[in-house]
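S.K.: for reference, the sequence and a predicted model appear below.
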Amino acid sequence: MKLSANLAPRLLLTGGAGYIGSHTAVTLLEAGCEVTVIDNLSNSSAKSLEAVQKITGRKVSFHQVDLRDTALVEAVLRDEHIDAVVHLAGLKAVGESCEHPLRYYDVNVVGSLHLLQAMKAANVRKLVFSSSATVYGDPKFLPYTEAHPTHPTSPYGQTKRQIEVMLQDLSDSQAGWHFSVLRYFNPVGAHPSGQLGEDPRGIPNNLMPYLAQVAVGKRASLTIHGDDYDTADGTGVRDYLHVCDLADGHWAALQHLIDRASPEFSRCDYFNLGSGVGHSVKDMLHAFERACGKPLPVRVGPRRPGDLPAFWADANHARNELQWQPVRDLDNMCSSTWQWQQAHPNGFND
Ligand code: NAD
Ligand code: UDP
């Protein structure tokens, strides 16, 4: 993707050492942006940023800072002359959020509040936010459009929605704030270099990293969480998109935001970032078997509490407004994951 005329923004990525953040850093550096990362490394390793620098041949300025440390975040915003923020830092495990809701409100909601306070103090008024399709909840219709009612069904989803509301209220309160809320569907896959990918701690909650660990021999078999849903093959359906397409979506959103920003008005735009196509657990299993060239052991277990049977995105708003759409297919998602997993069976510790 090319850099628009007079656009070489200095960007702060919160959570930039994480899975989506590190892939986004690659895209932004390759587009010519200057990238500063703050991350407390609670769910990541600084080695991901070493890989980012190796892939791009560009420097990332890294600060090990907690989002909730307003004074330090403000100092980074000022010292690095930041133009805009991409806010990815946060906790993301639905199950854990049900067990420890206060932890999620603290890191996600309070953390975002502190970030916005620091931005206000440093006069940085543009932000792209990592939201999630989980804000929609039980589908009233499919595919979800951005106008679908929001009824999150977990504390994690609630925190994402509350941050959205905070951004909306702030943009309504005063001219000059510009927000782009990106509601991600299911990001999977890895960078084509094989040097960057998802490195979950402990037993993976999500389907794709679990499949990858079964394929590499770290887990005995995949448990399909229910095969009696009202879907074509009975297994759950989701909208998977390649993490590099998602990274491109951030750059598209940033350009849209920066090109249109004005001190005269505010905006808070919402975009679904998904492929617009639903795939079942069995579709994913078979695609992964193609990628790794062998059948994978599977058992069928009960439904996972809280799982929705099926959802996918209407991503036309992003296509029309941001000129963004995913270009990488399911086989690419699986083969890039497999390439990363084979080269790094123990993640960044290899
Ligand atoms: P990740 O855990 O790999 O990255 C999040 C990063 O934030 C980590 O590097 C972590 O160390 C950092 N972090 C956490 N708390 C922090 C704090 N208090 N201060 C500073 N840094 C902190 O997760 P990811 O998959 O890359 O997700 C990035 C964002 O996208 C998250 O906000 C997540 O909720 C959102 N999201 C992810 C998915 C998904 O399926 N991966 C889907 C929808 C939305
Ligand atoms: N899933 C599964 N086995 C696993 C992990 C996930 O069958 O070990 C299913 C899950 O029930 C859902 C789909 O795979 O239907 C995607 O799950 P994931 O946790 O990756 O995404 P989310 O449910 O958060 O959209």
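M.R.: Cool, got the structure. Ligands and ions are numbered 1, 2, ... in the order given.
S.K.: quick one: end-to-end length of stretch 295-314, please.
M.R.: The first and final residues of stretch 295-314 sit 33 Å from each other (C-alpha to C-alpha, to the nearest Å).
S.K.: from ligand 2, how far off is the residue in the chain that ligand 1 sits nearest to?
M.R.: Of all residues in the chain, Gly18 sits closest to ligand 1, at 2.0 Å by C-beta to the nearest ligand atom. Quick note: C-beta positions are derived from backbone N, CA and C, even for glycine. Distance of Gly18 to ligand 2, computed by C-beta to the nearest ligand atom, to the nearest Å: 16 Å.
S.K.: Ser335: how many residues sit nearby?
M.R.: Using other C-beta atoms under 10 Å, Ser335 has 19 other residues around it.
S.K.: check Pro200 too.
M.R.: Applying other C-beta under 10 Å, I find that Pro200 has 17 neighbouring residues.
S.K.: and the residue lying closest to it once chain neighbours are set aside, what does it touch?
M.R.: Ranked by C-beta to C-beta, 6 or more residues apart in numbering and with sequence neighbours excluded, the top spatial neighbour of Pro200 is Pro209, at 5.0 Å. Residues near Pro209 by C-beta atoms under 8 Å, 6 or more residues apart in numbering: 198, 200, 337.
S.K.: and which of the residues you listed is nearest His256?
M.R.: Closest to His256 out of the contacts of Pro209 is Glu198 (27.0 Å), distances taken as C-beta to C-beta.
S.K.: okay, and the beta partners of the closest residue to ligand 2 within the stretch 51-200 of the chain?
M.R.: Proximity of the stretch 51-200 of the chain to ligand 2 (C-beta to the nearest ligand atom) peaks at Asn186, 5.2 Å away. Note on Asn186: beta-bridge partners by DSSP bridges are Tyr240.
S.K.: wait, isn't it in contact with Val237?
M.R.: No: if you go by C-beta atoms under 8 Å, Asn186 and Val237 don't touch, sitting 10.3 Å apart.
S.K.: pull the contacting residues for Leu257.
M.R.: 84, 126, 128, 178-180, 267, 269.
S.K.: try Ala247
M.R.: Counted by C-beta under 8 Å, 6+ apart, Ala247 has contacts 20, 23-24, 26-28.
S.K.: how far away is it from ligand 2?
M.R.: 19 Å.
S.K.: hang on, the earlier thing: if I read this right, the residue of the chain closest to ligand 1 contacts Leu41, doesn't it?
M.R.: No: the criterion here is C-beta under 8 Å, and Gly18 misses it with Leu41 at 9.3 Å.
S.K.: neighbour count for these two, which is higher?
M.R.: Using other C-beta under 10 Å, the more surrounded residue of Gly18 and Leu41 is Gly18, with 27 against 13.
S.K.: quick check: closest non-adjacent residue to the more buried one.
M.R.: In space, Gly18 is closest to Ser44, 4.6 Å off (C-beta to C-beta, 6+ apart).
S.K.: for Gly95, same thing?
M.R.: Closest residue to Gly95 apart from its sequence neighbours, by C-beta to C-beta, 6+ apart: Asn205 at 6.5 Å.
S.K.: surely the one you found touches Lys92?
M.R.: No: between Asn205 and Lys92 there is no contact under C-beta under 8 Å: 9.1 Å.
S.K.: ok, those two, which is more surrounded?
M.R.: Neighbours were counted for Asn205 and for Lys92 using other C-beta under 10 Å; Lys92 has more, 23 against 14.
S.K.: for Asn206, what are its contacts?
M.R.: With C-beta under 8 Å, 6+ apart, Asn206 has these contacts: 186, 188, 200.
S.K.: tell me, which of the residues you listed make contact with ligand 1?
M.R.: Asn186 (C-beta under 6 Å from any ligand atom).
S.K.: and Gly202, how many neighbours?
M.R.: For Gly202, the count of nearby residues is 5 (other C-beta under 10 Å).
S.K.: also Gln339?
M.R.: 20.
S.K.: mind listing what's buried along the strand or helix carrying it?
M.R.: In this structure, Gln339 sits in helix 330-343 according to DSSP states H and E. In terms of neighbour count (16 or more other C-beta atoms under 10 Å), helix 330-343 has its buried residues at 330, 332-341.
S.K.: and that helix, average pLDDT?
M.R.: Mean pLDDT, helix 330-343: 97.
S.K.: likewise stretch 124-134?
M.R.: pLDDT averaged over stretch 124-134 gives 98.
S.K.: would that stretch count as contacting ligand 1?
M.R.: Yes: Stretch 124-134 reaches ligand 1 (C-beta under 6 Å from any ligand atom) through 130, 132.
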